[in-house]
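1. Return atomic coordinates for the entry below.
(chains A and B)
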Amino acid sequence: MILTESDLQAIWLTVRLATVVTVILLLVGTPVAWWLARSRSRLKGMIGAVVALPLVLPPSVLGFYLLLAMGPNGPVGHLTRALGLGNLPFTFWGLALASVFYSLPFMVQPLQNVFESIGDRPLEVAATLGASRLDAFFSVVLPLSRRGFMTASILTFAHTVGEFGVVLMIGGNIPGVTRVASVQIYDHVEALEYASAHRMAAIMLLFSFLTLLALYAWRADNGKRS
Amino acid sequence: MHLTLNVQKNFPGFHLAADVSLSGDRVGVFGPSGSGKSTLVGMLAGFLKPDAGEILLNGDTLFSTSRKINVRPDQRRIAMVFQQHSLFPHMNVRNNLLYGYRRCQVDQRSIHLDTLVAVLQLDDLLERDITTLSGGQQQRVSLGRAILANPRLLLMDEPLSALDDTLRFQIIPYLKSVSSEFGIPYLFISHSLVEMRLMTDTVLAFDKGAMVGQTTSEQLARDRMGSSQVGYINLLNLGRASDNGSLYAYPWGAARLLLSAASDRDHSMAELSSKDIILFKQHPEAISARNLLQCTVRSLFNTGRRIGVELDCAGNTLISEVVQDAVNELGIIPGSTVFAAVKASAFRILPG
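-> Coordinates of the predicted model:
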């Protein structure tokens, strides 16, 4: 067999993590992006900067602070223990939480852009036709933002698949729990198993390329139709 | 409809103040760009919050600073037709039309899709994608969507300004149907005096953020005659044209007019500027103008440096404008007889 059982386990864990993170970010990132697109609050600049931080921050820095926050003496750690969830570091859900922070701008920024491009008018029209703000969001904004949601979801999924630094800081390297594909490649290289590393790396490369290819093809097709 | 509006709104470099109480179903808001028309509409619809004042529609308070009331736009039952059609691109014509209808309480639905489709002639368009519609069709769908929301007031914010001249006059009968066929009162916003006269009875005139008058659309047109480059535009209802050699003859009430423009419709409307009518004290011996009408002076009115002369020409009304010297020389007084000469090419048949 080309891939070992450990490789397949790492790939499956990576897909599961990326899916969970994408779903969580769709739920969390959408209201954040909406607020950033519509708000005139003075806090908007600051919140926007915080959301964009993972784009410029070294993953090890983000991972370090998340590790401290989730650790036994950190605020998140206190909270999770109080809720009976135990400690999050070196668990799948700890990894997922860290990845949510790390991939936040990849979900929020495309959504913010598409929400801003829609403007006020469709919402005003919907309001004069009796639609509440929530109703207008679901009946008008969401369908008009389809393209932004697709872009944001694909970028978030692909970015989570490619994570390494934050994963290593928060999740470590526990087979079946936190050892994702990027860490598996690192392990193969450390063990001088270059052929195995090659196979996993090639799969990652192909996946990333195909994802971006699909995204660009879809965007081009959508652009023609609109 | 009874509307009470006493509001103030400040923007950097602009202040709007309006204090009006009016009744009527065909109300116009007239003014040049930047006069505050759109701000007023935004406050009525609920998009803009006045700094102070109150808005009451049919006795219901929509906004009041003293009573801390600000009814949300979706609960005001004030629909709107915008300058751009603003249809939802992800819905076909039927779903656009039904958007407001589906959100309207069942007991408030007095206008239904079938009736609307028949009046606005939308039968063939229902399943069409809105991107395949012409500008005029899109504006009709936009109007239909607003009507089907069964509002208690419809705001029309310059709905004709994005259309070319031909489409504009084709759409006007549909816009008028809002009141005549569906019984919905409307507020029509425009900077066109002709549109005001075709669409409204009462007009609120705005200038630089202040309400400068409340009058009839006819009176507004007469008041503005002196300051308007095109003068007062007479709107003439003509009958079916017949070929008269080089010109076309149109019945105009009991009179007959010769026009250079042809029309194959049973009824046409023509524009004639007050500046294009020449008055004679006596029947001229010979004249190149092909229309010479014997008229009785009904009244005179002063608009700036011009005198408006209201004429009765075989039962039809015509407004001409002259200077004071001409009034004196011709001895124009109410009840006197004058001859009005108009070139055949001075008339403009309105498209439609």
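2. Okay, the residue nearest to B:H15 when sequence neighbours are not counted and chain A: tell me how far apart.
-> Leaving aside its chain neighbours, B:H15 sits nearest to B:G209 (5.2 Å; criterion: C-beta to C-beta, 6 or more residues apart in numbering or on different chains). Yep, even glycine has a C-beta here, placed from its N, CA and C like the rest. To chain A, B:G209 is 22 Å away according to C-beta to the nearest C-beta, to the nearest Å.
3. Pretty sure B:G209 sits against B:F14.
-> Yes: applying C-beta atoms under 8 Å, one finds B:G209 in contact with B:F14, separated by 5.8 Å.
4. before we move on, back to that, need the per-residue pLDDT for the residue nearest to B:H15.
-> Here the pLDDT value assigned to B:G209 is 89.
5. Can you report how many residues lie near it?
-> Residues lying near B:G209 (other C-beta atoms under 10 Å in any protein chain shown) number 20.
6. Please apply the same query to B:L259.
-> The burial count for B:L259: 28, using other C-beta under 10 Å.
7. hey, what's it bridged with?
-> According to DSSP bridges, the residues that bridge with B:L259 are B:Y248.
8. Next, the contact list for it, please.
-> For B:L259, the contact set (C-beta atoms under 8 Å, 6 or more residues apart in numbering or on different chains) comprises B:L238, B:A241, B:L247, B:Y248, B:Y250, B:A270, B:A344, B:F347, B:I349.
9. quick one: the helices in chain B?
-> B:37-45, B:93-103, B:113-120, B:135-148, B:165-180, B:193-199, B:217-223, B:324-330 (DSSP state H).
10. Ok, chain A next?
-> A:5-38, A:44-56, A:59-70, A:75-82, A:92-118, A:121-128, A:133-136, A:142-144, A:146-161, A:165-171, A:181-190, A:194-225.
11. Near chain B, which residues of chain A are found?
-> Contact residues, chain A versus chain B (C-beta under 8 Å from any C-beta of the partner chain): A:120-122, A:124-133, A:135-136, A:139-140, A:143-144, A:226.
12. can you rerun that using 6 Å?
-> A:R121, A:E124, A:V125, A:A127, A:T128, A:L129, A:G130, A:A131, A:S132, A:P143 (C-beta under 6 Å from any C-beta of the partner chain).
13. what's the burial count for the second one?
-> With neighbours defined by other C-beta under 10 Å, the count for A:E124 comes to 19.
14. any idea how chain B splits into domains?
-> Here the domain parsing of chain B from automatic domain parsing is B:2-223, B:233-343.
15. The last one: end-to-end distance?
-> Spelled out, it's domain B:233-343. One end of domain B:233-343 sits 15 Å from the other (C-alpha to C-alpha, to the nearest Å).
16. Could you report the separation of the nearest residue to B:E271 once chain neighbours are set aside from B:P50?
-> The shortest distance from B:E271 to any residue other than its chain neighbours is 4.5 Å, reached at B:R348 (C-beta to C-beta, 6+ apart). As defined by C-beta to C-beta, to the nearest Å, B:R348 lies at a distance of 41 Å from B:P50.
17. Those two: which is more packed in?
-> Higher neighbour count among B:R348 and B:P50: B:P50, with 25 against 16, using other C-beta under 10 Å.
18. re the thing from before, how much space separates the residue nearest to B:E271 from chain A?
-> Distance of B:R348 to chain A, computed by C-beta to the nearest C-beta: 34 Å.
19. That residue contacts B:L272, doesn't it?
-> No: using C-beta atoms under 6 Å as the test, B:R348 is too far from B:L272 to be in contact (7.6 Å).
20. For A:Q184, grab the count of nearby residues.
-> A:Q184 has 27 nearby residues by other C-beta under 10 Å.
21. wait, B:G13
-> Residues lying near B:G13 (other C-beta under 10 Å) number 5.
22. So what does it look like in phi/psi?
-> With angles defined as degrees, to the nearest 10, B:G13 sits at phi 80, psi 10.
23. Let me see the confidence value for it.
-> If you check B:G13, the pLDDT there is 87.
24. Let's see the pLDDT reported for the residue nearest to A:P75 when sequence neighbours are not counted.
-> Distances taken as C-beta to C-beta, 6+ apart place A:A69 nearest to A:P75, at 6.0 Å, with adjacent residues excluded. Per-residue confidence (pLDDT) for A:A69: 91.
25. Isn't A:A69 up against A:V76?
-> Yes: shown here, A:A69 and A:V76 form a contact pair, counting by C-beta under 6 Å, at 4.6 Å.
26. The helices of chain B into a markdown table, with extra columns for mean neighbour count?
-> Converted to a markdown table, these look like this (neighbours: other C-beta atoms under 10 Å in any protein chain shown):
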| stretch | mean neighbour count |
| --- | --- |
| helix B:37-45 | 22 |
| helix B:93-103 | 21 |
| helix B:113-120 | 16 |
| helix B:135-148 | 24 |
| helix B:165-180 | 18 |
| helix B:193-199 | 22 |
| helix B:217-223 | 20 |
| helix B:324-330 | 13 |
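27. Just among the contacts of B:L259, which is most surrounded?
-> Top of the contacts of B:L259 by neighbour count (other C-beta under 10 Å): B:Y250, with 26 neighbours.
28. need the contact list for that one.
-> Going by C-beta atoms under 6 Å, 6 or more residues apart in numbering or on different chains, B:Y250 touches B:L238, B:A241, B:L257, B:L259.
29. if you set the cut-off to 7 Å instead, what comes out?
-> Contact analysis of B:Y250 by C-beta atoms under 7 Å, 6 or more residues apart in numbering or on different chains lists B:L238, B:G239, B:A241, B:L257, B:L259.
30. if we can go back for a sec, what's the burial count for the residue nearest to A:P75?
-> Residues lying near A:A69 (other C-beta under 10 Å) number 19.
31. show me where the stretch 151-300 of chain B has strands.
-> Counting by DSSP state E, counting those that start in this stretch, the segments of the stretch 151-300 of chain B that form strands are B:153-157, B:186-190, B:202-207, B:210-216, B:233-238, B:242-244, B:247-252, B:255-259, B:268-273, B:278-280, B:291-303.
32. Which elements pack onto the last one?
-> If you count contacts as 3 or more C-beta pairs under 7 Å, 6 or more residues apart in numbering or on different chains; DSSP states H and E, strand B:291-303 packs onto helix B:217-223, strand B:255-259, strand B:306-313, strand B:337-342.
33. Quick check: neighbours of that strand in the sheet, parallel or antiparallel?
-> Its sheet considered, strand B:291-303 pairs with strand B:306-313 (antiparallel), strand B:337-342 (antiparallel) by DSSP bridges.
34. Give me the distance from the last one to the chain's centre.
-> What it means is strand B:337-342. 29 Å (C-alpha atoms, centre = their mean, to the nearest Å).
35. returning to what we had before: now the helices of chain A as a markdown table including distance to B:N10?
-> A markdown table is the format used below for these (distance: least, C-beta to C-beta, whole Å):
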| stretch | distance to B:N10 |
| --- | --- |
| helix A:5-38 | 23 |
| helix A:44-56 | 24 |
| helix A:59-70 | 46 |
| helix A:75-82 | 45 |
| helix A:92-118 | 27 |
| helix A:121-128 | 21 |
| helix A:133-136 | 26 |
| helix A:142-144 | 33 |
| helix A:146-161 | 36 |
| helix A:165-171 | 50 |
| helix A:181-190 | 57 |
| helix A:194-225 | 42 |
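36. Good, we can wrap up now.
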